[in-house]
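Chemist: I would like the atomic coordinates for the input below:
(3 chains)
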Amino acid sequence: MQKNVISMLAVMAVAGTAISAGTAVSAETLRWSSSGDALTFDPHSEVDASTRAINGIMYERLITRDPSLNLVPGLATSWEPIEGENAWLLKLRKGVTFHEGQDFNAQDVVFSITRTQAPTSAYIKLMSSIASVEVINDYEVKLITTDPNPILPAQLTSIMIMDSDWAEENGVVEPQNFTTKEETYAVRHANGTGPFKLVSRAPDEQTIMARNEDWWGWSDHSGNIDTIEFRPIANAATRVASLLSGELDFVLDPPLQDIQRIKGAEGLKIETVPEVRTIFFGMKQSAEPLKSSNITDVNPFADVRVRLAVNHALDLAAIQRVVMDGNSFPTGMLTSPSVFGSTPELDAPYGYDPEKSKALMAEAGYADGFSVQLDCPNDRYLNDEKICQAAVAMLARIGINVTLEATPKNIHFTKVNDKDTDFFLIGWGVPTLDSQYPMEYLLEAGGRANAAEYDNSQVNDLIGEIRKEMNPETRLDLIHQAWQIARDEAPYAPVHHQVISWAMVSDLDLPISADNTPRFEFAVKNAN
Amino acid sequence: MRYLFGRLMQVGLVMIIVSFVSFSMFNFVGDPLSSLLPEDATAADADRMREALGLNDTVMTQYGRFMTNAVQGNFGISYRLKQPVTELIASRLPATLELVAVSAVIAITFGVTAGVFCGIRPKSWLSKTILSSSLAGVSLPTFVIGIALIYIFAVTLQWLPSSGRGGTVDLGGWKTSLLTVDGWRSILLPAITLSLFQTTMILRLVRAEMLEVMRADFIKFARARGLTDRAINFGHALRNTLVPVTTVIGMNIGGLIAFSVITETVFQWPGTGLMFIQAVGFVDIPVMAAYLLFVAGLFVLISLTVDLLYFLIDPRIRLS
Amino acid sequence: MPIPMKSQMTMIDTDKTSRLSRFLDNDVVWSFTHSPMAMIAGLATLFFFSVALFAPIIAPFNPFDPAQVMLWDGKLPPAWAAGGQSQYILGTDDQGRDLLSTMLYGGRLSILVGLAAVLLGMVLGTTLGVISGFAGGLTDVVIMRIADVQLTIPGILTAIMINGFGRAFLPIEYHNQFAIYFVIIAIGLSDWPQFARVTRGATMVERNKEYVQAARVIGLPSWLIILRHVLPNVMRSVIVLSTLSFAIAIISEATLSFLGQGIPSTTPSLGTLIRVGNEYLFSGLWWIAFFPSLVLVLLVFSVNLLGDKLRDILDPKLR
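Modeler: Next up is the predicted model:
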């Protein structure tokens, strides 16, 4: 019997070695992973970053950005404002076909932009300035805006173009609407014009895409990838282990604590770039008392001294060093240095000064502190929950007794969108690379993500002017003024700008970019 | 016959209770309207929706509708993945079943082998070692074993992958990973992790049964008749332990399915267990409710099969 | 009439004391003290319990008080390793909490949850078992059918399910706040059937014995009969079962916490610590996962061993 056990083990061992010797992957397959899968392939029903990044491989925009984030032609070859009118003229690329063979023309542009303005679209706010789209001919369209809109080209980089006939045939003229309780055709099918087309889809498991040989851009893009295999792995440790053991070529979001290890591993490398995404805490400052606080007659956060105390209580350097393993840029501003309107003075952190914090708290009448609940996502930003935990400890030292509520992102963002939170952590990226975008969302009264309920009439007026001002210099001055007021009034407590790190095999050449979007049309494997 | 009838009644009762729990989740957990309506919906919209969803009907009518849909395999759309739940479970099921099958084979092979050995040679040092380490095996939580195996074989030695199913082959809708080398490499660590606990259970049971049988009279007679050790050990002793062992193994399949929830989470194995854990984190109620019904059905089926087997094998039950 | 009644009562009283003393009689003590494994297991369990009990006194820091947590000291290795600091003997976790203190408090939490869950399962199971055995008839059938069905499903799955569904019934923002109660209830509800089964069997045996019949005849209330006659008889089995259930309860709690469905990371239990440590396993911060895993395994092993030996001594027929 003993012999049997041993021979069995021997068989297992032999099988094991035989198995491990037998894997070779074709050179042009790129296997990659990130924590989240696309929620849907419908390009207009979610703004979630994973959904956008993955859809962006198959769908294209009119105007797009290169890896350095310069605006470059996509499905539009040129764009310019029309003198004397609130409108932009776009010339479209000819000879482009969708993956299923339909021709791309002006009708598809009209259709796609109208689709993003449907009530079920996630891009209504972004596209609200467009009053109508006028077809001049098959390859020229005029976008008419309600007011002058200087940043329309930047806004268009978020809008992916669908085929109008395909959408009609498959009953997906409007973005997915859950009231029907049905899955729409566009959830698992994609018909774009992009460099890769969908081969198979198993949500949360594996998505395979193949090179679209007919793509218009191959002549000036060096990419040599034939097949893209995407496998989302939610667990960070498992994701890294898969990269280290050679099952993956590229990980979009390696956990910060593993970056050193990946750098040291043979055959792997790390690429980094500062991300256009800033992480900060928001404090609800409306007049009514906070619902989660022990102070029930007034709102402590309505007092600017309390908000400044919070800012000075946060040891941003410690968060950078310990929580982020050095991979972040502490800041005092809500948007990153590469966004139009940021200055080094505005970007400087408020400064860690617990004594000053305590003094401010006492001055505001909260020498004994108060309690409040902090809402925090736990699967959205780099180490989001750990940042919140660190803040809980730091705020405890100035007497603010914080209860931490860390939830998955969908639940967290429901609270933020409903403005149903007293104290929260969010991060904000800026696809337009212009300050107007974060200001509209975060500072303007009624802004979609302004769960802090910050409402300053001067700032509101400034934002109104920024929206219409076509002179870049005057506009920049207005932007600086608005940011300065926000800094003095501290409606938020900024933490840092995220740093993007991508982990990949050494023989993969994939340009990293500050919008954290992999552009596989540039990817070259086995470059050496 | 009465026994069988009683069992079937019991099965029916269990499924009704479970389906009612599942139904109440669907209808009373949170407000189903809030997750379906757009943020700027008016009260009139809500009323229309309430009517459209049949939320104004009596609880029994709603339950009836739920059951009709459930029997037809319709559990609605997952809140998180926006796909029909039934389709989701169907697409995840092969992964779980394959993992459970491979684990069962490992557990039975090693459990029976080691158990027989410990039963035949209770005094050998190897038996004692195996037996005392089996208690340690029971004390090791599944996830600790999983983490340890990943650390040793995937990270340090880099022999085996740490996650996923590797390559799969589509056999008419059933995606199997058992036909590719990659798939086998991927299944080893999770299957070993999952099987360890059951291996120790089977080992201990087989050993106890063997010890009992070896003391029995017919073994003594066989020995007296001058049969070889080999014939006694395998021809008589092992054969007589098979009945209880088979039934216990049947029950252990249930254990494998239960622990697959944990193993799948550690190894990110894309099966139904991982799907359930993700659904819990997300409060994805359609998925949770459907999984509950599914697992209950599975367990009822397993225990019914085991009972029937017992019924067929052991005449004493038939008589009483 | 009152006089015989009185004598009956005294008889019952002596009967009770004799049972009690028999329960703790020299046989058991002798067997226990003469089994080295049992002694080791008992002492180890005792050690874990006292450490948990006195955690606030022993622990160098209070990791559950955020004001004491120094982020700058995060991720330090054990004191003996390069870069370690002497005040953090086993190093610190990712938030700068002293790992030793966090483990002491976490172990305390794990033991507390385990005890509460077993207590719940025991009280519920014993009560239902006694009712079932004493009442018989339809009550018995209903209770035991439910128990049978639940017994076919492994406890851990039941616990995961009850915990998951319990959470679903509550808005997600209360999950962390009530996590510990969910875990206790989930584990407690998952292991009552075993207690019910054992107690029911013993109850039925006792019910038919002459002295119980006699007690009934003289009109003693059922609860008194149960309390004085039935329960002492099932005590041994219940103690053994509780010990074994306790080991399973600790594993269940750790598993739920590891899956992220248990105790939140602001007040981590051993399972939560292992989950957090698992994230850092690959980056060389082995101590965050290793020490809690070690403690968890040793704790469960001691309790299991103790249960195993107790079973040999107290209740061989449970084998």
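Chemist: Where does the stretch 151-300 of chain C get nearest to chain A, which residue?
Modeler: Closest contact between the stretch 151-300 of chain C and chain A, by CB to the nearest CB, is at C:Ser283 (4.2 Å). To be clear about C-beta, it is placed using only N, CA and C from the backbone, and glycine gets the same treatment.
Chemist: Can you get me a residue count around the nearest residue to A:Ile426 once chain neighbours are set aside?
Modeler: Leaving aside its sequence neighbours, A:Ile426 sits nearest to A:Val416 (CB to CB, 6 or more residues apart in numbering or on different chains; 6.0 Å). Counted with other CB atoms under 10 Å in any protein chain shown, the neighbours of A:Val416 add up to 21.
Chemist: Same check on the one 10 residues further on?
Modeler: Using other CB under 10 Å, A:Ile426 has 26 other residues around it.
Chemist: same deal with the one 3 residues further on?
Modeler: Using other CB under 10 Å, the number of residues around A:Gly429 comes to 20.
Chemist: these two touch, right, it and A:Ile279?
Modeler: No: in this structure, A:Gly429 is not within contact of A:Ile279 by CB atoms under 8 Å, at 10.4 Å.
Chemist: Summarise which helices and strands the strand or helix carrying A:Gln389 is packed against.
Modeler: A:Gln389 belongs to helix A:384-396 when elements are defined using DSSP states H and E. With contacts defined as 3 or more CB pairs under 8 Å, 6 or more residues apart in numbering or on different chains; DSSP states H and E, the packing partners of helix A:384-396 are strand A:268-283, helix A:304-313, strand A:370-377, strand A:400-407, strand A:423-429.
Chemist: Using TSV, please lay out those together with mean pLDDT.
Modeler: Formatted as TSV, the helices and strands packed on helix A:384-396 follow (pLDDT from 0 to 100):
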stretch	mean pLDDT
strand A:268-283	92
helix A:304-313	96
strand A:370-377	92
strand A:400-407	89
strand A:423-429	93
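Chemist: would you turn the ones you listed into TSV with distance to C:Thr126?
Modeler: Converted to TSV, the helices and strands packed on helix A:384-396 look like this (distance: least, CB to CB, whole Å):
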stretch	distance to C:Thr126
strand A:268-283	51
helix A:304-313	52
strand A:370-377	40
strand A:400-407	37
strand A:423-429	46
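Chemist: number of nearby residues for the closest residue to A:Ala241 other than its chain neighbours?
Modeler: Counting by CB to CB, 6+ apart, the nearest residue to A:Ala241 once its immediate chain neighbours are dropped is B:Ser162, at 3.8 Å. When neighbours are counted by other CB under 10 Å, B:Ser162 registers 31.
Chemist: Likewise for A:Leu252?
Modeler: Residues near A:Leu252, counting by other CB under 10 Å: 23.
Chemist: In space, what's closest to it - neighbours in sequence excluded?
Modeler: A:Ser34 (3.8 Å).
Chemist: For that neighbour, the count of nearby residues, please.
Modeler: A:Ser34, neighbours per other CB under 10 Å, totals 23.
Chemist: And for B:Arg65?
Modeler: 13.
Chemist: any idea how far it lies from chain A?
Modeler: 13 Å (CB to the nearest CB, to the nearest Å).
Chemist: Okay, buried residues for stretch A:263-271 please.
Modeler: For stretch A:263-271, the neighbour count (16 or more other CB atoms under 10 Å in any protein chain shown) marks A:Ala265, A:Leu268, A:Ile270, A:Glu271 as buried.
Chemist: Output those in a markdown table; the columns should cover distance to chain C.
Modeler: Formatted as a markdown table, the buried residues of stretch A:263-271 follow (distance: CB to the nearest CB, whole Å):
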| residue | distance to chain C |
| --- | --- |
| A:Ala265 | 10 |
| A:Leu268 | 13 |
| A:Ile270 | 13 |
| A:Glu271 | 18 |
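Chemist: quick check, nearest of the residues you listed to chain B?
Modeler: Using CB to the nearest CB, the buried residues of stretch A:263-271 come closest to chain B at A:Ala265, 9.8 Å.
Chemist: what's the closest one sitting at in phi/psi?
Modeler: When read as degrees, to the nearest 10, the backbone of A:Ala265 gives phi -80, psi 140.
Chemist: Wait, it touches A:Gly246, no?
Modeler: No: contact criterion CB under 8 Å: A:Ala265 and A:Gly246 do not qualify, at 10.2 Å.
Chemist: quick one: which of the helices and strands packed on helix A:384-396 is nearest B:Val181?
Modeler: For those, the distance to B:Val181 is smallest for strand A:268-283, at 23.4 Å, taking CB to CB.
Chemist: strand partners of the closest one, parallel vs antiparallel please.
Modeler: Counting by DSSP bridges, the strands paired with strand A:268-283 are strand A:423-429 (antiparallel), strand A:492-505 (antiparallel).
Chemist: Indicate which one of those is closest to A:Gly192.
Modeler: Closest among the strands paired with strand A:268-283, using CB to CB: strand A:423-429, at 22.4 Å.
Chemist: Which residues of the stretch 201-319 of chain C lie near chain A?
Modeler: C:Pro264, C:Ser265, C:Thr266, C:Asn278, C:Glu279, C:Tyr280, C:Leu281, C:Phe282, C:Ser283, C:Gly284, C:Leu285 (CB under 8 Å from any CB of the partner chain).
Chemist: hang on, the third one packs against C:Ile180?
Modeler: So that's C:Thr266. No: C:Thr266 lies out of contact with C:Ile180 (CB under 8 Å); the separation is 11.7 Å.
Chemist: Any stretches of the chain with poor pLDDT?
Modeler: Let's take chain A. Counting by pLDDT under 70, chain A shows low-confidence ranges at A:1-27, A:177-182, A:410, A:527-528.
Chemist: you looked at the wrong chain, it should be chain B
Modeler: B:1-3, B:25-57, B:80, B:82, B:235, B:310-311, B:313-320.
Chemist: hang on, the earlier thing: mark which of the residues of the stretch 201-319 of chain C next to chain A are buried, thanks.
Modeler: Buried, going by 16+ other CB under 10 Å: C:Pro264, C:Ser265, C:Thr266, C:Asn278, C:Glu279, C:Tyr280, C:Leu281, C:Phe282, C:Ser283, C:Leu285, out of these.
Chemist: Please report phi then psi for A:Val524.
Modeler: Dihedral pair for A:Val524: phi -120, psi 120, per degrees, to the nearest 10.
Chemist: How many residues are close by it?
Modeler: A:Val524: 18 neighbours (other CB under 10 Å).
Chemist: Setting aside sequence neighbours, what's the nearest residue to it?
Modeler: Counting by CB to CB, 6+ apart, the residue nearest A:Val524 is A:Asp509, at 4.2 Å.
Chemist: Likewise for B:Gly76?
Modeler: B:Pro286 (4.5 Å).
Chemist: just checking, what packs against the helix or strand harbouring the one you found?
Modeler: When elements are assigned from DSSP H and E, B:Pro286 belongs to helix B:285-313. Contacts defined by 3+ CB pairs under 8 Å, 6+ apart place helix B:285-313 against helix B:2-28, helix B:85-120, helix B:239-267, helix B:272-282, helix B:315-319, helix C:137-152, helix C:155-168.
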